[in-house]
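1. what follows is a predicted protein model with its sequence.
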Amino acid sequence: MAGELLRIATAGSVDDGKSTLIGRLLYDSKSIFTDQLEAIERTSASRGDEFADLSLLTDGLRAEREQGITIDVAYRYFSTPERKFIIADSPGHVQYTRNMVTGASTADLAIILIDARKGVLEQTRRHAFLSSLLGIPHLTICVNKMDLVDYSQERFEKIRDEFVAFAGKLNVTDLTFIPLSALRGDNVVDRSEEMAWYDGRPLLRHLEEVYIASDRNLIDARFGVQYVIRPQRSDGLDHRAYAGTVGGGVFAVGDKVVVLPGGFGTTIEKIWGPGGSELDEAFAPMAVSMELADEIDIVRGDMIVRPNNRPHVDRDLDAMVCWFSESGRLQAGSSYLINCGTRQTRVTVAGMNYRLDVNTLHRDETATSLELNEIGRLHLHAQQPLLFDSYRRNRDTGSFILIDEATNATVAAGMITGPVAHDTNVVWQEAKVTREQRSHRGATIWMTGLSGSGKSSLATELERRLVAEGRPAYLLDGDNLRHGLNSDLGFGDDDRRENIRRTAEVAALFADSGAVVLVSLISPFASERERAREIHQAQDLPFYEVFLDTPLDECEARDPKGLYARARAGEITQFTGIDSPYERPEKADIVVTPEDGSPAQNAADILRNLGL
Ligand SMILES: Nc1ncnc2c1ncn2[C@@H]1O[C@H](COP(=O)(O)OS(=O)(=O)O)[C@@H](OP(=O)(O)O)[C@H]1O
Ligand SMILES: Nc1ncnc2c1ncn2[C@@H]1O[C@H](COP(=O)(O)OP(=O)(O)O)[C@@H](O)[C@H]1O
């Protein structure tokens, strides 16, 4: 898309050729790289800012910058007719972790350089791990200095295979390998004549074309209130507006919203853009202000969201934290200020799960402190409730910084894994039997779709096959659970949410015990399905979402229980697809359509694909 912005993070060691590569990209692309500052200055001036606000391009770091942290990251801007680019160039030495965490946290794509002569090194693994931890959606591995290995295809493929074997352990969704020579310009901007065997795109073309629009979170509408504005109007009435940045999803005039943590419901009356223009809708990452239909007491730090899609509101959170400070270490029991979204409150490090060795991915569960550049998984307890999502789901509402109250310096950045147990008087009872000691590894396969879409048929078939092969497997069917565990729940939105939550918790218990759990639940809300995934991921349990994408008219034609007919006749209300919503999964692990054949065929395909 023309004009679209691609944020790139680069990583490599000092002499992998990173600077040469960046120089080559800028030089060969003959891009407009000289006047970027001027452009930024113009934008800043039109916004009324006094000085050039570089964070216009690298926002997300604004908080850190305000807190006076010196980040050793150089930003370079360039553009081609296809796209604008920002490269965050973090030096490959001592402060690598901190620089990457701060410089790359908003990146769409990470470039990792490998010297073709040296192959995959410890620090290649470290950078790949950090990129995956930071949730950077696209990873591009540039195997550089190909000229020094005679442009050898064999050498390139060996490095590629070695990296792929390691990346399997990471959460990387899009991986691209490009053999190049930054020095000679092979495959940087123009295709290399020396490597005719490579049929992929040169680097710049890849950067121009990599598809990023679907990486944005368009589902979870989040608007953190930064300022309350009270414009003076001639009618003398109080028109309060709430200014902030859309942190996810889309908000439109007329949308029903709730304001958290209070939970009051209202409607969006007006949306104003940066220049004071009235808008119909706003989406991430736009900075706008909103007027609401009702007068509600809203303060900085509150969050406006959709009634059916809420973030966690919790005082306890579980997070991966990277410690930045050179003067001192993070210790269990210490307190800091936390900036999470537009909220600031005090947090205490209530516990440390483990410290992670980013080189080996080894977890040290005996650790109680973090030193410079170290990463740990912590339990933080906040004085005031925080409003957050998991980082995996939303990098904006899932991240935070910690500030030392005495020095006002930013000392750490964190990525939220999820909430933790509420009652601090209830402690987790560690089991004596470890997962490794059990004879089978569990997992959850979660079937979602309209009533009649084929969830139960597929789940039953999966269960039958697994048991026939001697695997422990168990079907959790929505209809059946509603006879017992969930018999107190109806079909209102809140009850469905609770239904999904309970089912997810039970599924995780079964999966932890070593069973493959087959869940068959309409589960109409994307946010609750994602929460089910989080419950599993927090315990390192595999979770696969299977979407039975059967069109409503087909489900209605099947109508095995006659429920659609009754819903159409008005005998049943709040029926999914008729007068109750179903939010289609955007990123299901597997999508099954009626064209895919019988439940038996689908079950066999799924088990094969998942390697179960
Ligand atoms: N109002 C309404 N809406 C949707 N479904 C209804 C309703 N009333 C009863 N049923 C029957 O209940 C089954 C769905 O229950 P679930 O627990 O899967 O639903 S949900 O996840 O809580 O939305 C669903 O079963 P399936 O057809 O197997 O999906 C229906 O048979
Ligand atoms: N793959 C399929 N192709 C054709 N019909 C199917 C398929 N899967 C299920 N069905 C039929 O669709 C109807 C609804 O299936 P069911 O598994 O009960 O759906 P759900 O549990 O989603 O309500 C049943 O009559 C079933 O025989």
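-> That came in fine, so what should we check first? For clarity, every value in this text was computed on a predicted model and none was experimentally measured. Ligands and ions are numbered 1, 2, ... in the order given.
2. leaving aside the residues next to it on the chain, what's closest to the closest residue to ligand 2 within the stretch 101-250 of the chain?
-> The nearest approach of the stretch 101-250 of the chain to ligand 2 comes at residue 219, 22.4 Å away (CB to the nearest ligand atom). Just so you know, the C-beta spots here come from the backbone N, C-alpha and C atoms, and that holds for glycine as well. Among residues not flanking residue 219 along the chain, residue 526 sits closest, at 5.2 Å (CB to CB, 6 or more residues apart in numbering).
3. tell me, how many neighbours does that neighbour end up with?
-> Residues contacting residue 526 under the criterion other CB atoms under 10 Å number 21.
4. can you tell me which residues contact it?
-> 219, 309, 583, 584, 585, 586 (CB atoms under 8 Å, 6 or more residues apart in numbering).
5. residue numbers of the stretch 401-550 of the chain in contact with ligand 2?
-> For the stretch 401-550 of the chain, the contact set with ligand 2 under CB under 6 Å from any ligand atom comprises 449, 451, 452, 453, 454, 455, 456, 457, 520.
6. same deal with the chain?
-> With CB under 6 Å from any ligand atom as the criterion, the chain meets ligand 2 at residues 449, 451-457, 520, 558, 560, 594, 598-599.
7. for the residue nearest to residue 219, grab phi and psi.
-> Backbone torsions for residue 526, taken as degrees, to the nearest 10, come to phi -60, psi -40.
8. for the residues of the stretch 401-550 of the chain next to ligand 2, give me a markdown table that also has pLDDT.
-> As requested, these are exported to a markdown table (pLDDT from 0 to 100):
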| residue | pLDDT |
| --- | --- |
| 449 | 98 |
| 451 | 97 |
| 452 | 96 |
| 453 | 98 |
| 454 | 97 |
| 455 | 97 |
| 456 | 96 |
| 457 | 96 |
| 520 | 98 |
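9. tell me how many other residues crowd residue 406.
-> Using other CB under 10 Å, residue 406 has 7 other residues around it.
10. er, residue 331 actually
-> Using other CB under 10 Å: residue 331 sits among 11 other residues.
11. that one reaches residue 355, doesn't it?
-> No - between residue 331 and residue 355 there is no contact under CB atoms under 8 Å: 11.8 Å.
12. which neighbours do the two share?
-> In contact with both residue 331 and residue 355: no residue, using CB under 8 Å, 6+ apart.
13. ok, which of the residues of the chain next to ligand 2 also contact ligand 1?
-> Contacts with ligand 1 within those, counted by CB under 6 Å from any ligand atom: 451, 452, 455, 456.
14. quick one: which of these has the most company?
-> Greatest neighbour count in these, by other CB under 10 Å, goes to residue 455: 29 neighbours.
15. now do it against residue 522, distance only.
-> Distance of residue 455 to residue 522, given as CB to CB, to the nearest Å: 8 Å.
16. intersection of neighbour lists for the two?
-> 448, 449.
17. give me the residue from this protein nearest ligand 1.
-> The minimum distance from the chain to ligand 1, using CB to the nearest ligand atom, falls at residue 478 (2.5 Å).
18. contacting residues around that residue?
-> 499, 503, 520, 521, 522, 523.
19. check which helix or strand the second one maps to.
-> Same thing as residue 503. Using DSSP states H and E, residue 503 sits within helix 493-512.
20. hmm, that helix touching ligand 1?
-> Yes - on the criterion CB under 6 Å from any ligand atom, helix 493-512 is in touch with ligand 1 at 496, 499, 500.
21. ok, so of the residues you listed, who is nearest residue 180?
-> residue 500 (47.2 Å; CB to CB).
22. check the closest one and give its pLDDT.
-> For residue 500, the pLDDT comes out at 97.
23. list the contacts of it.
-> 521, 523, 525, 528, 529, 531, 532.
24. pLDDT check: weakest of the residues you listed?
-> residue 531 (89).
25. tilt between the helix or strand where it lies and helix 493-512?
-> Using DSSP H and E, residue 531 sits within helix 526-537. Relative orientation of helix 526-537 versus helix 493-512 (axes from the mean of the first three to the mean of the last three CA atoms, to 10 degrees): 20 degrees.
26. would you tell me what the next helix or strand after helix 526-537 is?
-> strand 543-548.
27. what's the neighbour count on residue 20?
-> Counted with other CB under 10 Å, residue 20 comes out at 19.
28. stretch 252-266: which residues count as buried?
-> Residues of stretch 252-266 classed as buried: 253, 255, 257, 258, 259, 260, 261, 266 (neighbour count, 16 or more other CB atoms under 10 Å).
29. wait, stretch 212-228
-> Here stretch 212-228 shows 212, 215, 217, 219, 220, 221, 222, 223, 224, 225, 226 as buried, counting by 16+ other CB under 10 Å.
30. before we move on, what about stretch 403-412?
-> 403, 404, 409, 410, 411, 412.
31. alright, I will stop here.
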